[in-house]
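Chemist: Here's my sequence, what's the structure:
(one chain, ligands or ions: 1)
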Amino acid sequence: MTNTVDGQLWHDQPQHALEAYTRDGYLALSGFLTAAEVEETRQSVARFISERVPQLPREQVFYETLGQPDTLKQIIGLFNHDTYFHRLMFGSRFEKLAELLLQGPVVGKNMQYFNKPPTIGKATPPHQDGYYFMLDPCEALTMWLALEDVDEENGCVRYVRGSHLLPLRPHGRTQTLGFSQGVTDYGTPQDLADEVAFPAQPGDLLIHNALTIHRADANRSPTRTRQALGFIYYSERAKVDEAAHAAYQKRLAAEMKAKGKI
Ligand SMILES: O=C(O)CCC(=O)C(=O)O
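Modeler: Numbers count the residues shown, from 1 in each chain. Below you'll find the predicted structure:
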């Protein structure tokens, strides 16, 4: 991985990690979890899927094809339902790292499971998480933990270097379940020149600023899944922008009305 810091040593060189993150809008930590920790996490995910997912409300579990369990693509809010994931999110190494990169106390907001099932796992549209979060100030980050080998074939994450230094780009509705908003003018020569692909191995951790544009391709592999965990932390300084939230709800309602859905 480029721009990579040793995931076992980042706390010995916090300034280096912070500088890279502040400059590029992302950071890659190789081997943040050991092989044994990855195995434990994978088993906990499998247990969660078999024991908890059947009881979760429909809006917290997304499938590429509804009614086909092997097409599971996303689960929202894992730590709300399971002590293993609660411990991973709070009082953990992940939280400490978030405090370093956000430079102060943080609030753990969400933990998600992401999968791209073989062949049918769709692309993640280019987006900025800050567009969804609606924070003022927009001080938040997302961590993305690889649970298996991820590369260009099964849809690795791609970041646009330095995009966090510019204002939010225009977003519009996509047809992608779980990622309803995408940058509408993505693909400028500058975007393409600055885009960096991040293949990852199990236990590697990617972290991005809420303003960093990122995307991932579809899973083209006929056999491989693409499993990861996402952690979202807000700085305690960030407040949800209620006015922006209300405006978004209004826009969404107008759109649904225009389509005859409400
Ligand atoms: O897993 C992916 O494809 C993308 C995840 C993502 O966009 C995010 O965590 O913000």
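Chemist: how many other residues sit next to residue 168?
Modeler: Burial of residue 168 is recorded as 14 neighbouring residues (other Cβ atoms under 10 Å). C-beta: built from backbone N, CA, C; applies to glycine.
Chemist: Return the distance of it relative to the ligand.
Modeler: From residue 168 across to the ligand, the span is 15 Å (Cβ to the nearest ligand atom, to the nearest Å).
Chemist: In three-state terms, label that residue for me.
Modeler: Under the three-state scheme (DSSP: H, G, I helix; E, B strand; the rest coil), residue 168 adopts coil.
Chemist: so what pLDDT did it get?
Modeler: Here, the pLDDT recorded for residue 168 equals 94.
Chemist: Got phi/psi on it?
Modeler: Phi and psi for residue 168, reported as degrees, to the nearest 10, are phi -60, psi 140.
Chemist: just residue 239 next, same as before
Modeler: phi -120, psi 140.
Chemist: list the contacts for it?
Modeler: Residues near residue 239 by Cβ atoms under 8 Å, 6 or more residues apart in numbering: 135-136.
Chemist: at 6 Å instead, please
Modeler: residue 136 (Cβ atoms under 6 Å, 6 or more residues apart in numbering).
Chemist: try residue 231
Modeler: By Cβ under 6 Å, 6+ apart, residue 231 lies in contact with 94, 111, 143.
Chemist: for the residues you listed, which one is nearest the ligand?
Modeler: residue 143 (8.2 Å; Cβ to the nearest ligand atom).
Chemist: Tell me how many other residues crowd that closest one.
Modeler: 24.
Chemist: so what's it closest to, chain neighbours aside?
Modeler: residue 231 (4.1 Å; Cβ to Cβ, 6 or more residues apart in numbering).
Chemist: any idea which element the one you found lies in?
Modeler: Secondary structure from DSSP states H and E places residue 231 in strand 228-235.
Chemist: what pairs with that strand, and is each one parallel or antiparallel?
Modeler: Applying DSSP bridges, strand 228-235 is found paired with strand 106-114 (antiparallel), strand 140-146 (antiparallel).
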